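Engineer: I would like the atomic coordinates for the input below:
(one chain, ligands or ions: 1)
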Amino acid sequence: MSEKPVLLREDGLRVDGRRPDELRPVRIAIGVLKNANGSALVEYGNTKALAAVYGPREAMPKHISLPDRAVLRVRYHMAPFSTSERKSPAPSRREIELSKVIREALESVVFTTQYPRASIDVFIEILQADGGTRTAGLTAASLALADAGIPMKDLVIGVAVGKVGGVLVLDINELEDEYGEADLPVGIAPNTNEIVLLQLNGVLTPEEFKQAMEMAFKGVEQIYKVAKEAMYRKYLKMLEEVK
Ligand code: ADP
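Structural biologist: Below is the predicted model of the structure:
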C-alpha cells in the first residue's frame with residue numbers, strides 16, 4: 001500500500017479543497033438515452049453514473065414473473081474504463097452485492113403492485129469512479145425510474161459521509177474512502193425522509209453516527225434540489241418539442 005496522503009490540511013480543508021460539510025459539484029441530466037424508457041446521468045465531482053430503465057415490460061424468462069407485482073431487476077456495473085486500472089468487465093462479488101442493496105432501496109419506493117407479471121429493469125453503469133459510485137448510481141437509478149414514468153412514492157437520493165483525521169466529511173472521494181477511518185453510504189427518500197440504504201465500513205461513535213446522519217440529510221437536500229431542477233429542464237424541453 002502506498003503512503004497515506006494528508007486528507008485534512010492544516011487550514012481544515014480537505015485534499016480537494018472542500019470544507020468538511022461540502023459536496024462535490026453535482027451535475028444531473030435526465031432523459032439522456034433515446035432507446036431506454038427512462039435514463040439519468042449523475043455526476044458527483046469525478047464520479048459519473050449512468051442509469052437506464054427498461055419497462056414495465058413482459059417479464060422474461062416467464063418463470064421470474066410474479067402474479068401480484070412487477071419484478072424489479074437491478075444491475076450495478078463498473079465499466080472497465082471507469083477506474084485508473086482496467087477493471088474486469090465480469091460481475092464481481094462487490095457488484096452483485098451492490099446490485100442487491102440498490103434494488104432493495106428502490107423497491108421501497110416503487111409501486112410494483114401496479115404492474116403484475118411485468119419486469120422493470122434498471123441498469124447502472126459507472127462511467128468514472130472516484131468514490132461514492134453506489135450512492136451516485138442509486139440517485140441516477142431513481143431518477144431514471146421517474147423519467148420512465150414508473151409510479152413511485154418518492155425518489156431516492158444517495159450520498160456517503162466519511163471520517164478523515166477524526167473529522168466527519170460529506171460526500172467522500174476515492175482517496176478519502178481508501179485512507180479515511182469510516183465510510184457511511186446512505187440512501188434517503190427526500191420527501192418521506194425514510195432511510196432506504198445504510199451501510200457502514202469503519203468505526204464511528206454513536207454521537208459521530210448521529211452527526212454523520214445529519215450531514216447526510218443536509219447533503220441529500222442539496223442534491224435533491226439539483227435533481228428537481230434537472231427534471232424541470234427535461235419537462236420544459238418536452239413542452240418545447242410538442243409546441
Ligand atoms: P463506492 O464507489 O460506493 O464508494 P467502494 O467504497 O467499494 O464503493 O469503492 C470506493 C471507490 O474505490 C470507488 O468509487 C472506486 O473509485 C474505487 N474502486 C472500487 N472498486 C474498484 C475496482 N474494482 N477497481 C478500481 N477501483 C475501484
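Engineer: Please see if stretch 210-226 touches the ligand.
Structural biologist: No - Stretch 210-226 stays clear of the ligand (C-beta under 6 Å from any ligand atom), getting no nearer than 13.8 Å. Where C-beta positions appear, they are placed from N, C-alpha and C, glycine not excepted.
Engineer: Would you mark the buried spots in that stretch?
Structural biologist: For stretch 210-226, burial by neighbour count (16 or more other C-beta atoms under 10 Å) applies to Ala212, Met213, Met215, Ala216, Phe217, Gly219, Val220, Gln222, Ile223, Tyr224, Val226.
Engineer: What is the nearest of the residues you listed to Asp21?
Structural biologist: For the buried residues of stretch 210-226, the closest approach to Asp21 (C-beta to C-beta) belongs to Met215, at 6.0 Å.
Engineer: Confirm the closest one sits in a helix?
Structural biologist: Yes - when classified by DSSP: H, G, I helix; E, B strand; the rest coil, Met215 is found to be part of a helix.
Engineer: what sits up against stretch 125-132?
Structural biologist: 44-52, 76-79, 81-83, 133, 136-137, 158-160, 171-177, 185 (C-beta atoms under 8 Å, 6 or more residues apart in numbering).
Engineer: Any regions of the chain where pLDDT drops low?
Structural biologist: For the chain, the stretches with pLDDT under 70 are 1-2.
Engineer: The ligand contacts on that one?
Structural biologist: 83, 87, 94, 129-134, 160, 174, 177, 183, 185.
Engineer: Now the buried members of the residues you listed.
Structural biologist: Lys87, Ala129, Asp130, Gly131, Gly132, Thr133, Arg134, Ala160, Glu174, Asp177, Asp183, Pro185.
Engineer: Which ones among those residues map onto helices?
Structural biologist: Applying DSSP state H to those, the entries found in helices are Thr133, Arg134, Glu174, Asp177.
Engineer: circling back to that earlier point, of the buried ones among the residues of the chain next to the ligand, closest to Lys100?
Structural biologist: Arg134 (11.1 Å).
Engineer: separation between that closest one and Ala146?
Structural biologist: The gap separating Arg134 from Ala146 is 19 Å, by C-beta to C-beta, to the nearest Å.
Engineer: With Ile157 instead?
Structural biologist: For Ile157, the distance to Ala146 equals 12 Å [C-beta to C-beta].
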